[in-house]
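**Student:** quick one, fold the following:
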Amino acid sequence: MPQLPIERIVRRERGSRPDTSPRLASAATGGQRLRDQLNDLLALGPSPETAGPGERIEDCSCPRGGGWRPGARWALGASAQAPRLREAEGALVTYARTGNRDLLTAACRRARALGLAPGMPLAKARVMVRGLDARPADGEGDAAWLARLGLFAARRWTPRAAISGADGLWLDLTGVDHLFGGEEQMCRRILAFVRRLGFTARIAVAGSLGAAHALARYGHKPLIHCRLHGEADALAPMPLAALRLDADVLGAAHRLGLERIGDLIAKPRGPLQRRFGETILRRLDQALGRAPEPFEPIVPEDPPATLLGFLEPIATAEAIGEAAGEAVRRLVPLLREQGLGVRRLILTCERVDRDRQEIEIGLARATRDGAHLHALLCARIETIEPGFGIERLHLLAARIEPLPPQPIEGELAGERPASDLAMLVDQLTVRLGERRVHRLSALESDLPERSVHAVGPLADVAHWPDWPRPVRLLHPPEPVDHVIAPLPDGAPARFSWRGRSHRVRAADGPERVFGEWWRRRGEQAAIRDYFQVEDEAGARFWLFRKGDGEDEATGDLSWWLQGVFA
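**Tutor:** Predicted coordinates for the structure are as follows:
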């Protein structure tokens, strides 16, 4: 992944049948900014230099009809767009201290087009490019991200995945490519996945690690598929640097006129070994598949778990609860030794008839409090059907997070401790379900039904502007009929909702909202006029009419109920 440092900076700132022969794939990614992506794994902002063919990326959010739209980028001022413009127009490089000089370690495509390259002194690069954006290299961060991607590959794509230097991965596709539709289809899926993460990638499939490494880094296509036993022909036009040789060996070979791998293949081996040693021949044999090469795959660590077996099957709720408590008491020391806390716990009960009963609980915050975990499990024991008895019990920490020691809050520290609602949230979640315990947070949207979404019960929420809004918001809005209202902007005098007629006593409005034309083309001319009305019984409603009452393109003049005030 030669452009990994550049791409990480950009990403952080935005926020058939299995073949019996071994086939190895090496993936290398290079840097370019991509348009918005969905992830887990992080969204990037679009940039003009990465728009696809026929795609026009516009970065504007101008007001329509006056007023302030919540979250509008133009409302944040001109300074909000300045960093993106500088980033798109400038060249980005990373550097590291080597001896008494700062040398470039990576350069974006724009910087390379301006003549910059890794290994160049930073002072020279600043002279060549005015306004160069130079950042310190973060080798540890790049290695950590690469290890994370390798761990994901070992879990999702192939059990044999390894780190290939500091800029790529090795994936052993033997026996797994048919699960994805063949080698080519599997590689295309991997390319699409990496692209969604905000990275570009090159993948080469060959019969040896050395050949895959060379083709991925020195090839010019996103996907290179080397035919079986065709490594010699594929590597012949590659430069000698593709064999992972030292700088001294490369310099000596260049002085003798050896520039390509094909030049080595055509030479007799005896003189090459006497002149360059055995390293160059060993690398050549590894690339051609004549010599083995060590492959150290990434081994994903198993999550903490405990297993209990019983001499006699258990069937009562009390016995199951006691066994669950013993499993928790054995699990907690494992979590403490590794400095972890559990966020999701799965209790599996294996019956004598080989049927399995599972209990799954989620926690709002990572914890290793044994008493709390045991209480949550006991609250769900009633859902277990023991049948003729349970002979094995397995407790698995399915989701874990680092949980370092936390300082104890108290009045001795000068601050009054805040209430911890995590345990209460866990108890409510176990009783009611995860989807029924949440908080509502505001979203940047003009339309009320799009301006709210559910977040975790302990997550931070965004607040709405200080505008009068109903306590209960209907999604989707419900239609109302038999509306009597003067045009073009009069409030309704009477309407019917859910079969009941309401006579309006007081009204306030209209409050005009335009359609979100930047999302859907059909909303380009859409208009809603909102009214707050109160009927004779004192009930207050939030109604809106589609259209401005004058232009038919703005709406069909139908009335809808958006919410109900307290």
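**Student:** need the contact list for Asp102.
**Tutor:** With contacts taken as C-beta atoms under 8 Å, 6 or more residues apart in numbering, Asp102 has the following neighbours: 95-96, 121-123. Where you see a C-beta, it was placed from the backbone N, CA and C, and this is true even at glycine.
**Student:** can you check Cys378 too?
**Tutor:** By C-beta under 8 Å, 6+ apart, the contact list for Cys378 reads 321, 324-325.
**Student:** that older thread, looking at the contacts of Asp102, which is nearest Thr429?
**Tutor:** Looking at these and their distance to Thr429, the nearest is Ala96, at 47.1 Å (C-beta to C-beta).
**Student:** quickly list what the closest one is bridged to.
**Tutor:** The residues paired with Ala96 through beta bridges, assigned by DSSP bridges, are Leu103.
**Student:** likewise for Arg351?
**Tutor:** Judged by DSSP bridges, the bridge partners of Arg351 are Ile390.
**Student:** that one and Phe388 touch, don't they?
**Tutor:** Yes. Using C-beta atoms under 8 Å, Arg351 and Phe388 qualify as a contacting pair, with a distance of 6.7 Å.
**Student:** find residues that contact each of those two.
**Tutor:** In terms of C-beta under 8 Å, 6+ apart, Arg351 and Phe388 are both contacted by the residues Pro313.
**Student:** show me which of these two is the more surrounded one.
**Tutor:** Counted by other C-beta atoms under 10 Å, Arg351 and Phe388 do not tie: Arg351 has more neighbours, with 19 against 11.
**Student:** who's in contact with the strand ranked longest in the chain?
**Tutor:** The strand of greatest length in the chain, counted in residues with DSSP state E as the criterion, is given as strand 500-514. Contact partners of strand 500-514, identified using C-beta under 8 Å, 6+ apart, comprise 64-65, 67, 446-447, 482, 489, 491-496, 526-537, 539, 541, 544-545, 548.
**Student:** ok, stretch 251-266 next?
**Tutor:** 214, 232, 235-240, 242-243, 245, 267, 272, 275-276, 280, 284, 287-288.
**Student:** can you check stretch 289-296 too?
**Tutor:** Outside of stretch 289-296, the residues within contact range by C-beta under 8 Å, 6+ apart are 160, 162, 170, 172, 207-211, 229, 231, 282, 285-286.
**Student:** any stretches of this structure with poor pLDDT?
**Tutor:** When the per-residue scores of the chain are filtered using pLDDT under 70, the ranges that remain are 1-2, 15-90, 408-415, 417-418.
**Student:** domain parsing for it?
**Tutor:** Annotated domains of the chain cover 305-402, 465-564 [automatic domain parsing].
**Student:** from the contacts of stretch 289-296, list just the buried residues.
**Tutor:** Among those, the ones that count as buried by 16 or more other C-beta atoms under 10 Å are 160, 162, 170, 172, 207-211, 231, 282, 285-286.
**Student:** and those residues, which is closest to Ala317?
**Tutor:** Arg160 (44.9 Å).
**Student:** isn't the closest one right next to Asp172, touching?
**Tutor:** Yes. Using C-beta under 8 Å, Arg160 is in contact with Asp172, at 3.6 Å.
**Student:** what touches both of those two?
**Tutor:** Taking C-beta under 8 Å, 6+ apart as the contact rule, Arg160 and Asp172 both touch 295, 297.
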